[in-house]
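Visitor: Quick one, fold the following:
(one chain, ligands or ions: 1)
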Amino acid sequence: MTMKRAVRFLVAVTIAAAVAPMPNPSAQSPQATQAAQAAGERWETAFRALPAPANIRAYAEHLSARPHHVGSPYDRDNAEWILARFKEWGWDATIERFDVLFPTPKTRLLEMVTPTRFVAKLDEPALAVDPTSSQKTEQLPTYNAYSTDGDVTAPLVYVNYGRPADYEDLERLGVTVKGAIVIARYGASWRGIKPKVAAEHGAVGCLIYSDPRDDGYFGGQVFPEGPMRPSDGVQRGSVLDMPVHPGDPLTPGVGATPGAKRLARADAATITRIPVLPISYGDAQPLLAALGGPVAPVAWRGALPITYRIGAGPATVHLKLEFNWNMAPLYDVIARLPGSTYPDEWVIRGNHHDAWVNGAGDPVSGMSAELEEARALGELRRQGWQPKRTIVYAAWDGEEPALLGSTEWVETHAADLEAHAVAYINTDGNGRGFLDMGGSHTLEPFINGVARAVEDPEAHVSAWKRLQAATIARGTPDERREARARGDLRLDALGSGSDFTPFLQHSGVPTLNLAYGGEDSNGIYHSIYDDFYHFTHFEDADFAYARLAAQTVGMAVIRLADADLLPFDFTSLADTVKKYVDDVEALLKGRQDEVRESNRQIEEGVFAATRDPRRPTVAPAAEPVPPALNFAPLENASAALTAAAEGYRKALAGASAQLAGNTAVVRAVNAMLMQSERQLLDPAGLPQREWYRHLLYAPGFYTGYDVKTLPGVREGIEQKQYEAADAEIARAAKVLARETALIDAAAAELRRLGPPVR
Ligand SMILES: [Zn+2]
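Guide: Take a look at the predicted model:
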């Protein structure tokens with residue numbers, strides 16, 4: 001995990017007004033107001049003391065005791081066990097079931113047929129010291145879910161990480177993958193991008209292997225002596241085209257309920273076009289060693305003791321894959337605590353419970369912390385606390401194959417979420433180290449406030465202070481300056497890779513994604529070795545950071561549930577939007593400069609004068625310089641948003657003393673605030689992928705997990721579709737104008753209370 005955060009200025013008064021527990025609306029006297037505030041703080045203090053590492057350890061050991069992928073017996077057992085815990089702790093809990101397409105392997109064959117014969121093992125062996133690694137009959141074999149069936153024999157080509165830029169390098173080297181099977185290494189892009197881009201370039205099959213440079217012996221001792229990936233370790237994982245849409249491939253946009261209209265499998269847009277299989281570096285090494293052709297560029301070389309070559313051939317491989325294309329049940333556990341004052345406003349929080357195998361790290365480390373939060377909130381309630389808003393806790397099934405459980409739930413409850421959702425907080429795996437905060441920028445000051453209120457178990461400063469220090473120590477000069485000078489640390493924008501995606505990018509629910517991590521590296525991701533033995537030897541072994549995660553997220557839930565006026569801030573949003581607008585303008589200018597320089601070099605004969613005739617490469621072609629785009633609509637919309645945000649901040653400062661006695665105004669403003677993230681959606685969706693409706697944040701069409709901010713505009717420029725980019729500028733400006741109008745209306749409502757402010 002790399003640190004890449006930045007910070008910016010924020011006016012302190014907004015934080016105080018928005019985040020401090022708001023007075024009870026029924027309390028009229030200042031004394032009563034103070035008492036209500038003290039009560040709020042007392043509950044928070046009581047809550048922070050409750051999470052216990054020993055409990056979290058016990059949940060983790062239970063949930064990871066056996067393999068529990070979608071459709072397995074222990075997946076269902078875990079769902080029922082989680083349901084029983086919620087009920088025991090006083091929650092109103094139920095299981096919601098959906099039925100989805102979930103392929104499992106029937107035939108997996110990979111062999112080299114020339115120049116020598118080699119049959120890949122495709123097996124992770126049990127290890128004597130690791131008790132759950134021998135649960136063979138329940139383990140899913142190593143495979144990539146939603147690969148298509150296929151039986152292909154073809155020459156092999158090494159494509160580095162298999163990103164679009166790697167294929168540009170291949171073209172310059174005169175290597176084509178047309179009709180070939182490619183072998184890509186894991187890393188640098190989400191795995192589903194690799195077969196997608198390979199197929200676009202004409203490849204007929206795709207292998208993905210874990211190079212020891214990326215998570216094997218290059219980084220430390222391998223398991224079981226150390227945490228890194230052993231030679232037979234394999235990363236399972238989904239290759240569904242999730243940048244098009246996540247969820248059941250047969251029910252895009254609607255819940256996979258019994259009566260739902262389902263596509264035929266042949267019509268599903270998100271299943272891969274070519275067969276794809278993940279392999280270990282033990283299986284990859286003989287294949288890579290048998291490649292001829294040019295020596296791979298320096299940046300393409302991994303840590304295997306071979307000369308990395310590109311091919312194509314002489315290695316020829318035979319890949320045969322067949323899957324059982326069966327339906328599988330999903331068991332989402334949904335638990336509620338009813339709100340006392342605003343029962344129709346929901347604070348939602350979730351983590352997934354399914355794993356590829358035992359999943360002690362992914363997802364059980366996060367799921368166990370969520371359970372301890374739920375126990376502690378139940379305990380507070382037993383002591384007399386009642387949340388003002390309704391709290392909804394979810395344990396999602398089927399995250400690993402395709403964010404299935406969260407996506408189907410969001411699609412099924414779309415109308416409820418539109419009317420009731422205040423915010424969604426997601427976690428997934430959790431480890432030792434620094435707080436990783438991503439999400440909606442309207443929640444940036446809010447979550448900074450929470451991070452200031454919890455203590456790091458190793459450094460004994462607040463989680464916020466530790467993150468600030470890490471940003472100063474590791475950031476760029478700009479990030480360092482911001483981390484020192486500004487009140488709040490910046491939130492990362494969210495791409496994809498966990499269950500927040502349907503909430504934020506499909507339904508416009510303000511979202512946070514939180515995790516601790518960054519101190520331990522490992523090489524057991526999505527393998528049979530991600531288990532309780534590994535976790536308790538090489539990761540958060542004493543569950544101190546799982547406890548901190550429970551404290552952090554639980555406090556965020558309590559504050560969101562109990563604040564009378566919702567703690568949304570628009571100056572953070574406006575500042576972030578301005579930055580994104582500057583970014584896309586800089587992107588276009590950078591592209592123009594690059595093309596001009598390249599064209600000039602072609603004219604000057606630079607390529608012809610420097611080429612090595614013994615190692616021929618293909619001459620670059622001249623390109624048209626990208627045209628100027630009119631960014632004025634975005635710049636104007638961004639400026640108007642900034643002004644509206646400032647107006648809201650002033651109106652709030654003016655009104656804050658009188659909010660307590662004015663329930664009607666609080667409710668009216670909240671009703672508007674709840675719709676603020678929704679304004680950033682366009683129902684028409686993004687180009688080529690209408691499921692993604694948020695015009696500020698989306699996963700990249702060619703990166704998979706990594707975010708693209710102002711995605712329509714940015715990807716239009718990146719993909720050289722300049723007319724489309726122009727249209728996207730106008731669309732983004734329009735949703736920002738809608739957001740601005742809503743903020744103005746909320747400020748006007750507040751101004752009815754406050755003294756006139758300049
Ligand atoms: Zn996960």
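
Visitor: So which other helices or strands are in contact with the helix ranked longest in the chain?
Guide: Ordering each helix of the chain by length in residues (DSSP state H) puts helix 570-604 first. Helix 570-604 is packed against helix 444-452, helix 632-655, helix 711-718, helix 722-751, with contacts defined by 3 or more C-beta pairs under 8 Å, 6 or more residues apart in numbering; DSSP states H and E. Where C-beta positions appear, they are placed from N, C-alpha and C, glycine not excepted.

Visitor: Tell me the buried residues in the longest strand anywhere in the chain?
Guide: When the chain is parsed with DSSP state E, its longest strand is strand 311-337. Under the neighbour-count criterion of 16 or more other C-beta atoms under 10 Å, strand 311-337 has 311-313, 315-321, 323, 328-337 buried.

Visitor: Repeat that for stretch 258-272.
Guide: Result for stretch 258-272 [16+ other C-beta under 10 Å]: buried residues Ala260, Arg262, Ala268, Thr270, Ile271, Thr272.

Visitor: Tabulate the residues you listed (JSON lines), appending pLDDT.
Guide: Putting the buried residues of stretch 258-272 into JSON lines (pLDDT from 0 to 100) gives the following:
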{"residue": "Ala260", "pLDDT": "96"}
{"residue": "Arg262", "pLDDT": "97"}
{"residue": "Ala268", "pLDDT": "97"}
{"residue": "Thr270", "pLDDT": "97"}
{"residue": "Ile271", "pLDDT": "98"}
{"residue": "Thr272", "pLDDT": "97"}
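
Visitor: any chance of those in JSON lines, with secondary structure too?
Guide: Formatted as JSON lines, the buried residues of stretch 258-272 follow (DSSP: H, G, I helix; E, B strand; the rest coil):
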{"residue": "Ala260", "secondary structure": "coil"}
{"residue": "Arg262", "secondary structure": "coil"}
{"residue": "Ala268", "secondary structure": "coil"}
{"residue": "Thr270", "secondary structure": "coil"}
{"residue": "Ile271", "secondary structure": "coil"}
{"residue": "Thr272", "secondary structure": "coil"}
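
Visitor: Specify which member of these is nearest to the ion.
Guide: Sorting the buried residues of stretch 258-272 by how near they are to the ion, with C-beta to the ion, puts Thr270 at the top with 19.0 Å.

Visitor: excluding its backbone neighbours, what's nearest the closest one?
Guide: Asp241 (4.2 Å; C-beta to C-beta, 6 or more residues apart in numbering).

Visitor: which SS class is the one you found?
Guide: Asp241 is classified as coil under three-state DSSP.

Visitor: what about it, distance to the ion?
Guide: Separation of Asp241 from the ion (C-beta to the ion, to the nearest Å) stands at 19 Å.

Visitor: So what's the residue count around whatever residue of the stretch 601-750 of the chain ends up closest to the ion?
Guide: Proximity of the stretch 601-750 of the chain to the ion (C-beta to the ion) peaks at Tyr705, 11.8 Å away. By the measure other C-beta atoms under 10 Å, the count of residues near Tyr705 is 19.

Visitor: any idea how far Thr104 is from the residue nearest to Thr270?
Guide: 19 Å (C-beta to C-beta, to the nearest Å).

Visitor: and the two? which has more neighbours close in?
Guide: Each of Asp241 and Thr104 has its neighbours counted (other C-beta under 10 Å); Asp241 has more, 24 against 17.

Visitor: and the more buried one, what does it touch?
Guide: For Asp241, the contact set (C-beta atoms under 8 Å, 6 or more residues apart in numbering) comprises Gly192, Lys196, Ala269, Thr270, Ile271, Thr272.

Visitor: The third one belongs to a strand?
Guide: No. Going by three-state DSSP, the assignment for Ala269 is coil, not a strand.
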